[in-house]
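Asks: model this:
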Amino acid sequence: MTLELLDWTIIGPAFVAGLIVLSTHVPLGHEVLKRGIIFIDLAIAQIAGLGVIAAHSMNWEQDGLEVQIAAVSAALIAAIGLNWTEKRWPRQQEPLIGILFILAATGGILLLTGNPHGSEHLKELLVGQILWSTWESLLPVAGLYAGLLLFWFTLGERFGALGFYVIFAIAVTASVQIVGIYLVFASLIIPALATRSMNRGRRLLLGYGIGALSYLVGIMLSAIFDLPTGAIVVWAMAAVALIIGLLLPSKSRAR
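Replies: The predicted structure follows:
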């Protein structure tokens, strides 16, 4: 183990990528908990990933516009569909989300059947490629998330459930290609769960703090011990959230 392994030209963009993902996922995570649809992030992320896999199976350029269109289109269709099912079958929304997730997951496996790089594609989809982030690749994502945040905090309530589902689909589509499905779920749920008893201002601030510290610690541990980055950041986030939760006043934990 040596700190010389910490290459900040790699760690820096990766950490900023995590901060960019957290910028939308922390507030959206609180909305997910409020609505009681915990696994929507896994479902939408898997649907977006299915769009990416479908594009790859048609030999489209990996970083091309067609892949992004396929991913966001798949996620938006799923989001609009879930908005419809929430109105029609509200009590069955969570199991329907679970069914959507498993269909997307198995659909990806079917599309990758016979692909010699299929297992590699699935691994990238699950754990992400955050260490491959560059300053240039993060600029359009940062601009997209800034627009989503502006819309969410100014006009989100006016558009109700549909606005939430659309913003959620677009945000998750971008983040799943950076950090992977596992970290999308962790970034949405863990900070929100750890701070759920606080008022809105403190909740967001502490949620961002938990997420930022977790990404920094996880990325550094990944570099030092040569561990998969996405997986170790998830564990770091769970540990940080648990410690913060235990340090909160008992009255806050009770609420």
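Asks: when you work out contacts or count neighbours from here on, use the C-alpha atoms and nothing else.
Replies: OK.
Asks: what's the local residue count around residue 222?
Replies: Residue 222 has 21 neighbours, counted by other Cα atoms under 10 Å.
Asks: what residues are up against it?
Replies: For residue 222, the contacting residues are 228, 229, 232, by Cα atoms under 8 Å, 6 or more residues apart in numbering.
Asks: which SS state does the residue lying closest to the first one once chain neighbours are set aside fall under?
Replies: The reference is to residue 228. Leaving aside its sequence neighbours, residue 228 sits nearest to residue 222 (Cα to Cα, 6 or more residues apart in numbering; 6.2 Å). Three-state assignment for residue 222 (DSSP: H, G, I helix; E, B strand; the rest coil): helix.
Asks: which of the contacts of residue 222 fall in helices?
Replies: Within the contacts of residue 222, residues falling in helices by DSSP state H are 229, 232.
Asks: buried sites along stretch 129-138?
Replies: The neighbour-count check on stretch 129-138 (16 or more other Cα atoms under 10 Å) flags 129, 130, 131, 133, 134, 138 as buried.
Asks: got phi/psi on residue 134?
Replies: phi -130, psi 160 (degrees, to the nearest 10).
Asks: for the protein, name the helix or strand with the lowest mean pLDDT.
Replies: helix 250-254 (a mean of 51; mean pLDDT, DSSP states H and E).
Asks: now the strands for this protein?
Replies: Remark: no strands are assigned in the chain by DSSP state E.
Asks: quick check: mean pLDDT of the longest helix belonging to it?
Replies: Assignment by DSSP H gives helix 135-194 as the longest helix of the chain. Here helix 135-194 scores 92 as its mean pLDDT.
Asks: what packs against that helix?
Replies: Here helix 135-194 touches helix 8-35, helix 40-57, helix 65-88, helix 118-127, helix 200-225, helix 229-247, going by 3 or more Cα pairs under 8 Å, 6 or more residues apart in numbering; DSSP states H and E.
Asks: buried ones in the third one?
Replies: Put plainly, it is helix 65-88. Across helix 65-88, burial judged by 16+ other Cα under 10 Å covers 67-68, 70-76, 78-80, 82-83, 85-86.
Asks: please apply the same query to stretch 235-245.
Replies: Across stretch 235-245, burial judged by 16+ other Cα under 10 Å covers 236, 237, 238, 240, 241, 245.
Asks: okay, the residues you listed in TSV with distance to residue 167 and pLDDT next?
Replies: TSV is the format used below for the buried residues of stretch 235-245 (distance: Cα to Cα, whole Å; pLDDT from 0 to 100):
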residue	distance to residue 167	pLDDT
236	27	97
237	24	97
238	26	97
240	28	97
241	26	95
245	29	83
